[in-house]
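**Q** Provide a 3D model corresponding to the input given below.
(one chain, ligands or ions: 1)
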Amino acid sequence: MTAAIDPNPNSYARHDLYEERETPLAGIGAFATVAIPSGTRIFCEESFVMLPETAAHLDLHRAVAALPDDKRAEFWALAASSKPSKDVAWVATLRACCDDDASGAFNILVEEYERAWSIFETNRFTCKSLDAAEPSMLGLFPRAARLNHSCAPNVFHRYNPLIRRLTVHALRDIAAGEELLTSYIDICHPTVTRRQLLRHWGFRCCCTACDSPDEEEDSRRKRMEGLFNQVINRERKRVRNEANWTAKDYERSLGVVMKAMGVLEQGGMEETDTLGVICVFGTQLAGKAGRGWEEEAVEWAKRAMEIDRKCLGEDSKEYMRAAELLEAATRQKDLAKL
Ligand SMILES: [Zn+2]
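**A** Numbers count the residues shown, from 1 in each chain. Next up, the predicted model:
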């Protein structure tokens, strides 16, 4: 294990590094006020509303009503751009528990619930729990909600269940004046798929990757999507069938992993944690594949640690797992020398 974790660190925002201000097209955005080095944790914040993925309009409204005045005002000030939900069963439930049956007042109430839902849908972040078997939650984080989207992001966000905060890190060196942009979706998809996914937020992406599509970059993302799916599918197969997995099967899986690394290294997509995820798969497979893969296992574990430190920080479970993998890979490499 590496650094000791403070179980309850304060939330903070590096207002010495960035400010929020109006953008011409996308509401409020966050902008670097000074140069921000790659890997810097720019902010770390608690959710002010956290609901299960199954939550509906009434649960949300109850949660918002329970907020202190200042937080409630902050909630209503957030952008709402997602379309109304098609499921309207909640309206009948609301009607049943509503004392005020004047239809004008009821309609206003329904509009308020719909707006709250749209705010939630526009700004929510998926929060995976520590136990992968547990269902994810959806959280609202007012600072992160100000970050606009790019398919070529310069910051990375993720909920860290160990510290119960959402963290935002610089993915590369960011110059003063640049807007801080995160990706709302997995960026390893071609433009057409990304556009479909981004419809949820009700905008057409005009980022550098979407607007001036270098065809080579687009086909690289498509290749990456295919290779990533292959890695995941082969892993599932291996887990189901580990006892019969032969040296040849491991070689084949490692071949796909190395192809995926190659595509990610060609540029454009190395600025995410996808390469870190692939390196972790590589290390684990190399460890199981046995002799001949020791050097690679150590190298990949080191890279995974480096990427997880940059994107997520040393207090993330991903970083700690990569550190453990490095320890195991180093041990295996030393043993192989004997
Ligand atoms: Zn885009």
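**Q** Tell me the pLDDT of the spatially closest residue to Leu140 that is not a sequence neighbour.
**A** Leaving aside its chain neighbours, Leu140 sits nearest to Val49 (4.4 Å; criterion: CB to CB, 6 or more residues apart in numbering). For the C-beta atoms, the positions are set from N, CA and C on the backbone; glycine is no exception. The score at Val49 is 93. That number is its pLDDT.
**Q** Run through the residues that contact Tyr184.
**A** 149, 198, 201 (CB atoms under 8 Å, 6 or more residues apart in numbering).
**Q** So it, which state does it fall into?
**A** State at Tyr184, reduced to three classes by DSSP: H, G, I helix; E, B strand; the rest coil: coil.
**Q** so is His169 in a helix, a strand, or just coil?
**A** strand.
**Q** Can you report how many residues neighbour it?
**A** Residues within reach of His169, counting by other CB atoms under 10 Å, total 24.
**Q** Quick check: beta-bridge partners of it?
**A** Arg41, Phe156 (DSSP bridges).
**Q** just checking, it touches Cys311?
**A** Yes - look at His169 against Cys311 with CB atoms under 8 Å: they come within range, at 5.6 Å.
**Q** Up against the ion, what does the protein have?
**A** 151, 205, 207, 209-210 (CB under 5 Å from the ion).
**Q** returning to that earlier point: list the contacts for the residue nearest to Leu140?
**A** Val49 is in contact with 60, 63-64, 67, 75, 120, 139-140, counting by CB under 8 Å, 6+ apart.
**Q** Dihedrals phi and psi, it?
**A** According to degrees, to the nearest 10, the main-chain angles of Val49 amount to phi -140, psi 130.
**Q** ok, back up a step: kindly reformat the contacts of Val49 as JSON lines containing distance to Ala13, pLDDT and secondary structure.
**A** What follows is those, written out as JSON lines (distance: CB to CB, whole Å; pLDDT from 0 to 100; DSSP: H, G, I helix; E, B strand; the rest coil):
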{"residue": "Leu60", "distance to Ala13": "25", "pLDDT": "93", "secondary structure": "helix"}
{"residue": "Ala63", "distance to Ala13": "23", "pLDDT": "94", "secondary structure": "helix"}
{"residue": "Val64", "distance to Ala13": "22", "pLDDT": "94", "secondary structure": "helix"}
{"residue": "Leu67", "distance to Ala13": "19", "pLDDT": "94", "secondary structure": "coil"}
{"residue": "Phe75", "distance to Ala13": "18", "pLDDT": "93", "secondary structure": "helix"}
{"residue": "Phe120", "distance to Ala13": "22", "pLDDT": "93", "secondary structure": "helix"}
{"residue": "Gly139", "distance to Ala13": "16", "pLDDT": "96", "secondary structure": "strand"}
{"residue": "Leu140", "distance to Ala13": "16", "pLDDT": "95", "secondary structure": "strand"}
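**Q** Please pick the buried ones from these.
**A** 60, 63-64, 75, 120, 139-140 (16 or more other CB atoms under 10 Å).
**Q** For the ion, what's the nearest residue on the stretch 1-150 of the chain?
**A** Ser150 (6.0 Å; CB to the ion).
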